[in-house]
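Undergrad: Next come a sequence and a model predicted from it.
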Amino acid sequence: VNKNNLYKANKSDCLKFIFSKNFRKNKDNKNDFDKMTLDDILTRNFKIYKFFEKVFNCELIFIFQPVLKWCKIPTVEEENLIEYSKLYFSKANRFVDEFLTQDNYEFFSRKFNDFSQLNSIKFYNMNKELKKKPLEKNWLFVDNTHLNDEGNKITSNYIESILNE
């Protein structure tokens with residue numbers, strides 16, 4: 001499906017999209033989409049989250065994913081893997097490096113927190129939580145955004161602690 005056509009998706013379209021081949025085909029053939037703003041996308045997504053919260057009768061939480069540059073000082077291993085990525089995945093890495101600025105971290109932290117509060121969803125910032133821990137010697141990431149086994153274990157323990165509150 002043309003990803004641009006998903007910009008118009010709303011909560012009533014989600015289930016149709018998942019379960020109806022004809023719906024997906026028709027959606028893909030339409031090129032009359034309007035580019036949505038970030039606020040439009042977040043509004044739509046949070047409405048979808050709230051829809052699923054009601055459908056599954058559960059409490060929804062929002063956890064802001066940890067990112068190496070935003071949550072800790074990289075270890076030697078992490079630095080080496082980032083350098084390797086820059087060599088072999090230069091185009092993608094250049095985009096990621098340009099995106100993962102401190103300004104963007106603060107911007108997205110605020111955005112996600114604001115939209116979570118607006119929708120009565122608890123917001124947790126993993127980057128902030130990991131910064132509090134002495135992890136400068138712990139190798140947690142295989143690149144700027146993907147965790148290794150130890151990083152996943154720390155993340156899952158954090159999520160478990162939230163769920164047990």
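TA: Arrived safely, thanks for sending. Residues are numbered from 1 along each chain as shown.
Undergrad: Go ahead and flag the most central residue of the protein.
TA: In the chain, the C-alpha nearest the mean C-alpha coordinate belongs to Q65, at 5.6 Å (C-alpha atoms, centre = their mean).
Undergrad: now the biggest helix by length in the chain, how far from the chain's geometric center?
TA: Longest helix in the chain, counting residues (DSSP state H): helix 38-56. Counting by C-alpha atoms, centre = their mean, to the nearest Å, helix 38-56 is centred 14 Å from the centre of its parent chain.
Undergrad: Give the buried residues for it.
TA: Of all the residues in helix 38-56, those buried under the rule 16 or more other C-beta atoms under 10 Å are 42, 44, 46, 49, 53. Using the backbone N, CA and C atoms, a C-beta is placed for each residue, glycine as well.
Undergrad: Give me the pLDDT for the second one.
TA: Looking back up the chat, that one is R44. Note on R44: pLDDT of 92.
Undergrad: Go ahead and confirm it touches M36.
TA: Yes - with contact defined as C-beta atoms under 8 Å, R44 reaches M36; the gap is 7.3 Å.
Undergrad: L130 - nearest residue in space that isn't next to it in sequence?
TA: Sequence neighbours aside, C71 is the residue nearest to L130 in space, at 3.9 Å (criterion: C-beta to C-beta, 6 or more residues apart in numbering).
Undergrad: got a list of what the residue lying closest to P74 once chain neighbours are set aside touches?
TA: Among residues not flanking P74 along the chain, L68 sits closest, at 5.9 Å (C-beta to C-beta, 6+ apart). Residues near L68 by C-beta atoms under 8 Å, 6 or more residues apart in numbering: 74, 78, 82, 140-141, 143-145.
Undergrad: ok, now with 10 Å
TA: By C-beta atoms under 10 Å, 6 or more residues apart in numbering, the residues touching L68 are 74-75, 78-79, 81-82, 100, 127, 130, 140-147, 151.
Undergrad: Which of those residues fall in helices?
TA: Filtering the contacts of L68 for helices - DSSP H - leaves 78-79, 81-82, 127, 130, 151.
Undergrad: so how many other residues sit close to N125?
TA: Here the number of neighbours of N125 (other C-beta atoms under 10 Å) works out to 20.
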